[in-house]
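A.B. asks: fold the following and give me the result.
(one chain, ligands or ions: 2)
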Amino acid sequence: ATYKLLLLAGDGIGPEVMGEVKRLIGWLDAQGIARFETEEGLVGGASYDADKVSITDATMAKALAADAVLFGAVGGPKWDPVPYEVRPEAGLLRLRKDLALYANLRPAICYPALAESSSLKPEVVEGLDIMIVRELTGGVYFGEPKTITDLGNGQKRAVDTQVYDTYEIERIARVAFDLARKRRNKLTSMEKRNVMKSGVLWHEVVTQVHQREYKDVALEHQLADSGGMQLVRWPKQFDVIVTDNLFGDMLSDIAAMLTGSLGMLPSASLGDIDPTTKKRRALYEPVHGSAPDIAGQGAANPIAMLASFGMALRYSFDMGELADKLDAAIAAVLAKGLRTADLKSEGLTVVSTSQMGEAVVKELQAL
Ligand code: NAI
Ligand code: MG
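C.D. replies: Numbering: from 1, shown residues only. Ligands and ions are numbered 1, 2, ... in the order given. As a prediction, this is how the structure comes out:
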């Protein structure tokens, strides 16, 4: 089968790192290993420059029809003055909303060669491979009421509301349990049921889903604050962590720093199974932004983008073995001492974006 992949490179270093994914896709095709039907589209500032919107309806329709969307990054100072509704980020927000991507997957993997550059002791992070599943479309970032009221006595009152319905917790729990089954079969759910009603319901619903459908997976509950402490103290105790939008935002950023540079971090956002394509709606993107400070210099690290494609292989295309090989190729290139400028360290070879991409393909070839 050929899979339909929509490539939205975006702005800044987006096209540079996407170029390395295109190189890899071309090589996989030429070798007869895997074939993708790729289409490209504009998003963010690039789309604004061409069409005065941050994503066109036509591109949105292609995203809905694709088996997966690969997204680079959007934004940059050039578009600071554009109207709020069509700012570059609006393109990404529309994709997330229209594809209903409610599950954000952020792996924290520490390649052995980079253990020394973590903010933690090497033995704490070496070989680390955990996955944080963050609920992305509900909770306190979206709940109503959401207001600032003038109380009239020189005081104002700000209100944000955390709202979660059973179905929202059930579907994110299922994504997390399914992932755990494909990994080390362990799920840790984090909330604050000691002080929040939404935490009480979260705990109750995750427990029910476990009892009904996933008894074979080991489930553990932690309060999100002490969970955060454990994440930094001994992260290897975790396999998959599932948590709400707010806690997940913070915990995934903390986990990111366990493993080094922004240029190394991939992500996936998943939605429901599409009734026509029978595939789970999905968008894959590096965690980093468009890095205007280094754009156009060929200095960007393409690994986050390549690893995001690796997540697509694993979660959208059922090519887990190929994804494993890609991870091994990345690890091997790093072990040989190749580093893009963001990872620069004493005595190692600094390479460009395309040299890093080439080296990964060459390693794959050798595997
Ligand atoms: P950023 O992630 O673009 O850059 C932060 C720092 O990390 C910069 O020094 C940059 O050079 C470096 N960096 C990032 N990715 C790198 C890579 N692959 N290789 C080497 N170095 C890398 O975040 P920043 O500077 O806050 O935002 C820049 C622009 O990107 C803004 O317009 C922002 O709105 C946008 N942005 C877009 C995101 C997206 O498209 N999902 C996410 C975050 C920011
Ligand atoms: Mg964040």
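A.B. asks: how about the residue positioned nearest the centre of the chain, secondary structure?
C.D. replies: Central residue check for the chain by C-alpha atoms, centre = their mean: the C-alpha nearest the mean position is that of Ser267, 1.6 Å away. Counting by DSSP: H, G, I helix; E, B strand; the rest coil, the backbone at Ser267 sits in strand.
A.B. asks: give the contact list for it.
C.D. replies: The contact partners of Ser267, taken as C-beta atoms under 8 Å, 6 or more residues apart in numbering, are 104-107, 284-287, 308, 311. No exception for glycine: its C-beta is placed from N, CA and C like everyone else's.
A.B. asks: and stretch 41-57, average pLDDT?
C.D. replies: Confidence for stretch 41-57, expressed as mean pLDDT, is 98.
A.B. asks: show me the shaky parts of the stretch 51-200 of the chain.
C.D. replies: Judged by pLDDT under 70, the stretch 51-200 of the chain has no weakly predicted residues.
A.B. asks: state the distance from the residue nearest to the centre of the chain to ligand 1.
C.D. replies: Separation of Ser267 from ligand 1 (C-beta to the nearest ligand atom, to the nearest Å): 9 Å.
A.B. asks: ok, Arg174 next?
C.D. replies: To ligand 1, Arg174 is 26 Å away according to C-beta to the nearest ligand atom.
A.B. asks: could you look up the SS state of the most far-flung residue of the chain relative to its centre?
C.D. replies: Relative to the mean C-alpha coordinate of the chain, counting by C-alpha atoms, centre = their mean, the farthest residue is Asn153 (44.4 Å). In three-state terms, and counting by three-state DSSP, Asn153 is coil.
A.B. asks: now for it: which residues touch it?
C.D. replies: Contacts for Asn153 (C-beta under 8 Å, 6+ apart) come out as none.
A.B. asks: next, give phi and psi for it.
C.D. replies: Per-residue torsions, Asn153: phi -110, psi 30 (degrees, to the nearest 10).
A.B. asks: count the neighbours of the single nearest residue of the stretch 151-300 of the chain relative to ligand 1 for me.
C.D. replies: Closest to ligand 1 within the stretch 151-300 of the chain is Gly289: 2.4 Å, counting by C-beta to the nearest ligand atom. Using other C-beta atoms under 10 Å, Gly289 has 19 neighbouring residues.
A.B. asks: check Glu321 too.
C.D. replies: 10.
A.B. asks: tell me which element it falls in.
C.D. replies: Glu321 is part of helix 320-335 when elements are defined by DSSP states H and E.
A.B. asks: does that helix come close to ligand 1?
C.D. replies: No - residues of helix 320-335 are not located near ligand 1 by C-beta under 6 Å from any ligand atom, the shortest gap being 13.4 Å.
A.B. asks: does Met60 touch Asp98 like I think?
C.D. replies: Yes - between Met60 and Asp98 there is a contact under C-beta atoms under 8 Å: 6.0 Å.
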